[in-house]
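K.L.:
I'd like to go over a predicted model; first the sequence, then the structure.
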Amino acid sequence: MTKAYAPGKLMLMGEHAVLYGTPCLVAAVDKYLGVIVERRDDGQVHIDAPDSPGGDVTFLSEALKVGCEALRIKHTGLWVKTISQLSGLGLGSSAACTVATIRALAAEFQKPINERQLFDLSYQSVLRVQKIGSGFDVAASTYGGVLSYTNQGKIISPLTLAEPLALVVGFSGEKASTVSLVEMVKQKYEQYPDKVQRIMQAIGVLVNQAAPELEEGNFEAFGKFMNFNHEYLRDLGVSNQPLEAMILRAKEAGAWGAKISGAGGGDCVIAIGPKEKHADILHALEQAGGKAFVVGVSDKGAGVEV
Ligand code: MEV
């Protein structure tokens, strides 16, 4: 029996634009999804994923298929169980589940796998289910830490932070459809290519300017860049009233910066602010209708529990 785990993620800056070629900044968070794999001898694959929304195990099943094919694993049955701290919070449980499943399979069947191989296989598996996606979430779950990332994992560079980063998260309670939001932005791009291209490039510039502030621990300056980034996301049409309400209240409560994290249309907002204001920001996010919590960065990526 093997237990592997992978951290969840939050997009710090650069969502949507990453699909148009600019870098994004992503953090692995200190909340995890664990996958236990045990061999059986009855030829059955039994999946026990109590936290998966609506009992949907598509990502996990695909990860088993891709992992077994690519790693040439022949089994006589498997029992697979997930234990999640991520479910329903917009923290990337599908990507984390995929990465942890392939990591667990590799360990259980003693197949050596390095981080790049784990990323590539997991990304391939996620794409088979979702069809679209830059893979930033897979990278965060695989490598951990804070990463500068470009589409399809062409560049995955870890950032070294001088100070520990804590983010206040507000979950809107609404599950967003990444696929339809990405499609909506694509249609806008086709309709107004110059305007949307300019927005994407401007987001790319912001990401490049913000990264050194993040590395140096200038979180106030980084928060200001997050605010500018959010204005562009609003221009793209991916924000909505509940997300705007949370962002506004977080800033009124003392956040230096607040923005959508991810595709928009639901899921999460993130806020960054002085530690002594965290309680006020949490309260403000709850007042605005969100489920609020604080996360730190997970320095570790996917791994196996010994
Ligand atoms: C969704 O969380 C972030 C997007 O940039 C899509 C992606 O990068 O896969 C909208």
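P.N.:
Arrived safely. Numbering: from 1, shown residues only.
K.L.:
which parts of the chain sit against the ligand?
P.N.:
Contact residues, the chain versus the ligand (CB under 6 Å from any ligand atom): 11, 15-16, 18-19, 133-134, 136, 178, 182, 262-263. To be clear about C-beta, it is placed using only N, CA and C from the backbone, and glycine gets the same treatment.
K.L.:
with pLDDT, neighbour count and secondary structure added, can I get those residues in JSON lines?
P.N.:
Compiled in JSON lines, those are given as follows (pLDDT from 0 to 100; neighbours: other CB atoms under 10 Å; DSSP: H, G, I helix; E, B strand; the rest coil):
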{"residue": "11", "pLDDT": "98", "neighbour count": "27", "secondary structure": "strand"}
{"residue": "15", "pLDDT": "98", "neighbour count": "28", "secondary structure": "coil"}
{"residue": "16", "pLDDT": "98", "neighbour count": "28", "secondary structure": "coil"}
{"residue": "18", "pLDDT": "98", "neighbour count": "26", "secondary structure": "helix"}
{"residue": "19", "pLDDT": "98", "neighbour count": "20", "secondary structure": "helix"}
{"residue": "133", "pLDDT": "97", "neighbour count": "22", "secondary structure": "coil"}
{"residue": "134", "pLDDT": "98", "neighbour count": "25", "secondary structure": "coil"}
{"residue": "136", "pLDDT": "98", "neighbour count": "29", "secondary structure": "helix"}
{"residue": "178", "pLDDT": "93", "neighbour count": "20", "secondary structure": "helix"}
{"residue": "182", "pLDDT": "97", "neighbour count": "20", "secondary structure": "helix"}
{"residue": "262", "pLDDT": "97", "neighbour count": "25", "secondary structure": "coil"}
{"residue": "263", "pLDDT": "97", "neighbour count": "23", "secondary structure": "coil"}
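K.L.:
nearest to the ligand: which residue in the stretch 101-250 of the chain?
P.N.:
Closest residue of the stretch 101-250 of the chain to the ligand, CB to the nearest ligand atom: residue 134 (3.3 Å).
K.L.:
my read: that residue touches residue 20, true?
P.N.:
No - applying CB atoms under 8 Å as the test, residue 134 and residue 20 come out as separate, 9.8 Å apart.
K.L.:
ok, so what distance separates the closest residue to the ligand within the stretch 201-306 of the chain from residue 254?
P.N.:
Across the stretch 201-306 of the chain, no residue is closer to the ligand than residue 262, which sits at 3.4 Å (CB to the nearest ligand atom). Distance of residue 262 to residue 254, given as CB to CB, to the nearest Å: 23 Å.
K.L.:
related to what we said a few turns ago, contacting residues around the residue of the stretch 201-306 of the chain closest to the ligand?
P.N.:
Residues in contact with residue 262 (CB atoms under 8 Å, 6 or more residues apart in numbering) are 10-11, 15, 90, 176, 178, 268.
K.L.:
now those residues as a markdown table including distance to residue 62?
P.N.:
A markdown table is the format used below for the contacts of residue 262 (distance: CB to CB, whole Å):
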| residue | distance to residue 62 |
| --- | --- |
| 10 | 24 |
| 11 | 23 |
| 15 | 23 |
| 90 | 21 |
| 176 | 21 |
| 178 | 16 |
| 268 | 24 |
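K.L.:
out of those, flag the one nearest to residue 50.
P.N.:
Among these, residue 90 lies closest to residue 50 (CB to CB), at 19.0 Å.
K.L.:
mind checking what secondary structure the closest one has?
P.N.:
coil (DSSP: H, G, I helix; E, B strand; the rest coil).
K.L.:
mind checking pLDDT for the residue nearest to it when sequence neighbours are not counted?
P.N.:
Excluding the flanking residues, the one nearest residue 90 by CB to CB, 6 or more residues apart in numbering is residue 267, at 3.4 Å. With respect to pLDDT, residue 267 scores 93.
K.L.:
mind checking how far residue 267 is from residue 51?
P.N.:
Taken as CB to CB, the span from residue 267 to residue 51 is 17 Å.
K.L.:
who has more neighbours, those two?
P.N.:
Taking other CB atoms under 10 Å, residue 267 and residue 51 do not tie; residue 267 has more neighbours (26 against 14).
K.L.:
ok, the more buried one touching residue 176?
P.N.:
Yes - taking contacts as CB under 8 Å, residue 267 lies within contact range of residue 176: 4.3 Å.
K.L.:
find residues that contact each of these two.
P.N.:
Going by CB under 8 Å, 6+ apart, residues that sit against residue 267 and also against residue 176 are residue 90.
K.L.:
would you mark the buried spots in stretch 268-281?
P.N.:
Neighbour counts using 16 or more other CB atoms under 10 Å place 268-273, 277-278, 280-281 of stretch 268-281 among the buried residues.
K.L.:
please apply the same query to stretch 227-237.
P.N.:
Neighbour count says stretch 227-237 has 227-230, 232-236 buried, by 16+ other CB under 10 Å.
K.L.:
many thanks, I have nothing further to ask.
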